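Chemist: based on what follows, work out the 3D shape:
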Amino acid sequence: MLVGDFDSDGDVDVFTFDTNALPTGSNPGGQMLLNDGSGNFTDVRGTASDPFAGLVNSYTNNSGSTFTINAPALIDRDAFVADFDGDGDLDLVNRGWNFNAGSKYFGQGGEPPRLLASTPIDGAGNVATTSDVTLTFSETVTPGAGMIELRRSDSNLLVESFAATDSRVSGSGTSFTLDFATTLEDTTAYHLTFGAGAFVDADGMTFGVLDGVVRRGITDPTFLNFTTGSSNAAPVVTTTAGTASFTEGSSIAIDPSLTLADADDTTLSSGRVAITTGFVSGQDVLSFSNTDAGQFGNISASYNAGTGELSLISAGATATLAQWQAALRAVTYTNSSEAPTTAGRTITFTVDDGRSESVATGRALSVTGLNDSPVLDASASPSLAAITEDVIAAANSGTRVSDIVVDGSITDPDGAAIESIAVTALDDTNGTWQFSLDGGTSWTAFGTPTDDAARALDATARIRFVPDTDFAGSATFTFRAWDGTGSAATGGVVDTTPNGDATPFSTATDTASISVTSANDAPTLTTGTVTVTGPNEDNVLGGTLVSAFLTDRSYADVDTGDQQGIAVTATSGNGTWQYSTDGNT
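Modeler: As a prediction, the model looks like this:
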C-alpha cells in the first residue's frame, strides 16, 4: 500500500496492490483510492481518473497523469513515493520490479498548475491600499471551492476570506484578479494564502505547489506578501516664483504669497523652513513669532542656528490650514553680519499632516551687502612729528597718514579698517598745511577744506605744516575716518556731510596737531652811527646806557622777553673804552 496525493488535488490518496493478484489483460491490478477532501475514498483504478492508469502489463507513453513504464507491473517490495523529478506531482520508485531487473522509476507526465507571475510581486512595497491582486498561472485553471485568505503579516490576523468562485475573483484561462472588499490599512504588511482546490487544472490538479512540493494549498506567509503605502493625500506647499531679495540691515518675509493645501485634512501638525543652499552659520537667521493666536493658532517655532532650520509645531495638530499658511508667510530672514556673504540662498518649506509630509518646495533668496561707515575714536589725540621754526623745506618731510592715525582708533564693521582720512578743516593762521601723494617729492596746499569739500587721503599720503617765519607754537587740522570707498580717489575732494550709516565717512571727527618748537632769532638794529657825548680832557664822565644806543638805532627782537644788549666787536680812539655793569660804581 502506498499513500500520497497522487492526483495533486491537495488531499491524501491510497494506492494498493496485491502481488498475488497480478494484472491481467487490461486489468491493471490493485486499487487507486482517491480522497474527495472529506475522507471519502473512491476506487478509480483503471479509469481515466486513475493517476496510475498506465501502470499495466505493457509499455505506455501517455500524457496527462499516467506513468511511463518500461517493464511489466509488479510491485512486490520496497516501493517509494515522492516528487523525485521536482515537477510538482508524485512519482514512484520500486526497487524490486522483478528479481533481475533492478530498481524501476515511474514518473507522472502531468504536473499541477504553478503561479508564474503576480501583481504586486512577492515582497512588493508601497502598494496602494485599494490595489487588486492579479495572478498568472502556468496553465489554464478553473476557480474551485478552495478558500483564498488575506492576512496581516504582523499578527496573522484574518482580514478577508472567500472561495475562489466568489465574485471577488474575476478572470479566466491563466489570468485572474482578486478584488478585495476591504480597503487595506496604510503601511501594513499583508500576505495571501490559497486553500486546496482554489484553482484546479483540467486534470483536477490543484494549485498548491511550493518549492516543488505538493501541498494542501499554500499557507506559507512568505509565498505572496506585500506592504501597502500611504493612502493619505500629502499636503502641498506652493512657493512664489522669482527670487526674494534681502538687503543688509533689514528683515524680510521670505514668501508672503505662499499657498498651502491638503485634499483630505483641515489641520496640520508640524512644518519646517530650512536654508538648504548657501547656509552660513553665524549669519543666517530664520524667525517666526506668534503674535496673534487668531491668525496663527497655537503654532510655535524654534530655530537651530547650527543647521539653518526653523521647526514649527502645532501641539495636538489643532492649527488650521489657513493658520499654517499665514505662519509660513510670516517666516522672516535676516542676516546678523555687517559683512554678509552675498552668495544666493535657497529656502525650502515643508509641512506634515501627521501621516504624510509634503514635498519640500524652495524659494531663491538673494543677499545684498551694504557699506558700513567706519568708526572713529575721537579721544585718541593724534599728532604729527614736531618741527622747529624756520625749518627748511628739505628737512620738512611731513608725516604719513597711517602714522598720524592712532593705531586702533579707526574700526570698520565691514572688515579690516584702513587708516584713511578726509580732512574737513584746518588752522592755517600761522602757516600753510600741505599734502603729498608721492612720498614727499611734491607738495600741494590744502587750501580751505570744509565738511562738504574735504580732502580725502589714504594711508600712504603725507601731511606737513610749513610755519610762517619765526613762528613757534601749534597748528591743527580736523578729519573724519574714510573707508576708501565712494567716488573720490586719494587726493580728491569729497562731501562728508552725509556721514555714518552706509556712507564712507565716520560720524565722529578728531583733531590732529603739530608742535613747532622755537629757535633763537637775532635782534635787529638800524644801520648807522651812535654819537656818545665825550668827556673833556682829564675829565671822566659817567658813561652812556647801552639802552640808549639800542633805542637810537631802533633795536628789535622777535623773541619777546629776551635780554637786550650789545656786543662790542672793535674799538678805536686815543684812550681807553670801559664798561660798567653795576651802575658806574
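
Chemist: which residues touch the residue nearest the centre of the chain?
Modeler: The centre of the chain sits closest to residue 276, judged by CA atoms, centre = their mean, with a distance of 3.2 Å. For residue 276, the contact set (CB atoms under 8 Å, 6 or more residues apart in numbering) comprises 308, 346, 347, 348, 360, 362. Using the backbone N, CA and C atoms, a C-beta is placed for each residue, glycine as well.

Chemist: now whichever strand or helix holds it, how far from the centre of its chain.
Modeler: If you go by DSSP states H and E, residue 276 is part of strand 270-277. Here strand 270-277 shows a centroid-to-chain-centroid distance of 9 Å under the convention CA atoms, centre = their mean, to the nearest Å.

Chemist: do the same with stretch 148-157
Modeler: Using CA atoms, centre = their mean, the offset of stretch 148-157 from its chain centre is 43 Å.

Chemist: list the buried residues of it.
Modeler: 148, 149, 150, 151, 152 (16 or more other CB atoms under 10 Å).

Chemist: just stretch 318-329 next, same as before
Modeler: Here stretch 318-329 shows 319, 321, 323, 324, 325, 326, 327, 328, 329 as buried, counting by 16+ other CB under 10 Å.

Chemist: could you do stretch 301-312 as well?
Modeler: Under the neighbour-count criterion of 16+ other CB under 10 Å, stretch 301-312 has 301, 303, 308, 309, 310, 311, 312 buried.

Chemist: and stretch 444-453, average pLDDT?
Modeler: Stretch 444-453 carries an average pLDDT of 97.

Chemist: got the contact list for it?
Modeler: By CB under 8 Å, 6+ apart, stretch 444-453 touches 423-426, 428, 432-437, 455, 477, 491, 493-497.

Chemist: which PyMOL command selects the buried ones in these?
Modeler: In PyMOL, this line selects whichever of these come out buried by 16+ other CB under 10 Å:
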select buried, resi 423+424+425+426+428+432+433+434+435+436+437+455+477+494+495+496
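
Chemist: okay, now the unreliable bits of the stretch 1-150 of the chain?
Modeler: Counting by pLDDT under 70, the stretch 1-150 of the chain has low-confidence residues at 1-2, 4-33, 35-39, 46, 48-49, 51-110.

Chemist: 80 - rerun?
Modeler: 1-111 (pLDDT under 80).

Chemist: the chain now?
Modeler: Looking at the chain by pLDDT under 80, you get 1-111, 208-217, 219, 230-231, 415-417, 519-525, 528-544, 546-564, 574-575, 583-585.

Chemist: for this structure, longest strand please?
Modeler: Ranked by number of residues, the top strand in the chain under DSSP state E is strand 505-517.

Chemist: tell me what that one is packed against?
Modeler: strand 375-376, strand 387-388, strand 462-467, strand 473-482 (3 or more CB pairs under 8 Å, 6 or more residues apart in numbering; DSSP states H and E).

Chemist: may I ask which two of the buried residues of stretch 318-329 are separated the most?
Modeler: 319 and 329 (13.6 Å; CB to CB).

Chemist: okay, now the domains of this protein?
Modeler: 1-111, 115-228, 236-368, 375-517, 521-585 (automatic domain parsing).

Chemist: which of the three states applies to residue 484?
Modeler: Classification of residue 484 by DSSP: H, G, I helix; E, B strand; the rest coil places it in coil.

Chemist: enumerate every residue touching it.
Modeler: Per CB under 8 Å, 6+ apart, neighbours of residue 484: 418, 420, 458, 504.

Chemist: could you dump those into TSV with distance to residue 383 added?
Modeler: As requested, the contacts of residue 484 are exported to TSV (distance: CB to CB, whole Å):
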residue	distance to residue 383
418	20
420	18
458	19
504	25
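
Chemist: for the longest helix belonging to the chain, packing partners?
Modeler: The longest helix of the chain (DSSP state H) is helix 321-329. When contacts are defined as 3+ CB pairs under 8 Å, 6+ apart, helix 321-329 sits against strand 259-261, strand 270-277, helix 293-296, strand 299-304, strand 309-314, strand 345-352.

Chemist: next structured bit after the last one?
Modeler: Elements were assigned by DSSP H and E; along the chain past strand 345-352, the next helix or strand is strand 361-368.

Chemist: rewinding a little: off-centre distance for the longest helix of the chain?
Modeler: Put simply, helix 321-329 sits 23 Å off its chain's centre (CA atoms, centre = their mean).

Chemist: show the subsequent helix or strand relative to that helix.
Modeler: strand 332-335.

Chemist: how far off centre is that following strand?
Modeler: Worked out by CA atoms, centre = their mean, strand 332-335 lies 16 Å from the chain centre.

Chemist: quick check: can you name the pairing partners of it and their directions?
Modeler: strand 251-253 (antiparallel), strand 284-287 (antiparallel) (DSSP bridges).
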